[in-house]
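Colleague: sequence and computational prediction follow.
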Amino acid sequence: MHQGINQKGFTLIELMIVVAVIGVLAAVALPQYQKYIGKSEAASALATLSGLRTNIEAYTLEQGSFPDTETTPALKTRLGFPNAIIEAIEAEAGVSSAGNIILSFDQVPNASPSVSNYKLALARNAQGGWACISTATEESGVLPKGCQYSESVSVTVPE
């Protein structure tokens, strides 16, 4: 007589199916998570730059011109800017009260690969209005809300 064997645990095929399902989920979720991290880093950078506008406005009112770290590198420290991540504060040529605060993600320590090639800038026009511009495209998924794409974040300030 042959008695039935009580099986305990999982068979090899069941374990392989579980591993395959987890692999598919990871393949879909990982790129989305990296895009999410990049978008949150870009939003954080915009918040950092926005917090520095007050210092720029105060300097512009006191000195009568937009600060320019190209001509005065010590201005970053004086204005309270984190040197490691702010690439430049540039005045627009011929317009004393206009310029850009530029943040380059390749200078941000441990930046997500999804943002590492982009730049973000707050641009001040001569009338005192501010606009956010970035080299990140909408298709990249990391362009912060309220920012517009630009091939360059040079000192050409949008009106």
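Modeller: Sure, I can see it.

Colleague: for the helix or strand that contains Glu90, the distance to its chain's centre please.
Modeller: With secondary structure defined by DSSP states H and E, Glu90 is part of strand 86-91. Distance of strand 86-91 from its chain centroid, counting by C-alpha atoms, centre = their mean, to the nearest Å, is 16 Å.

Colleague: any idea of the mean pLDDT in that strand?
Modeller: Here strand 86-91 scores 75 as its mean pLDDT.

Colleague: check stretch 54-61 too.
Modeller: 88.

Colleague: mind listing what's buried in that stretch?
Modeller: By neighbour count on 16 or more other C-beta atoms under 10 Å, the buried set for stretch 54-61 is 55-56, 59-60. (Each C-beta comes from the backbone N, C-alpha and C, glycine too.)

Colleague: can you tell me the centre-most residue of the protein?
Modeller: Central residue of the chain (C-alpha atoms, centre = their mean): Ala42, 2.4 Å from the mean position.

Colleague: tell me where this structure has helices.
Modeller: Per DSSP state H, the chain carries helices over the ranges 12-51, 53-63, 75-78.
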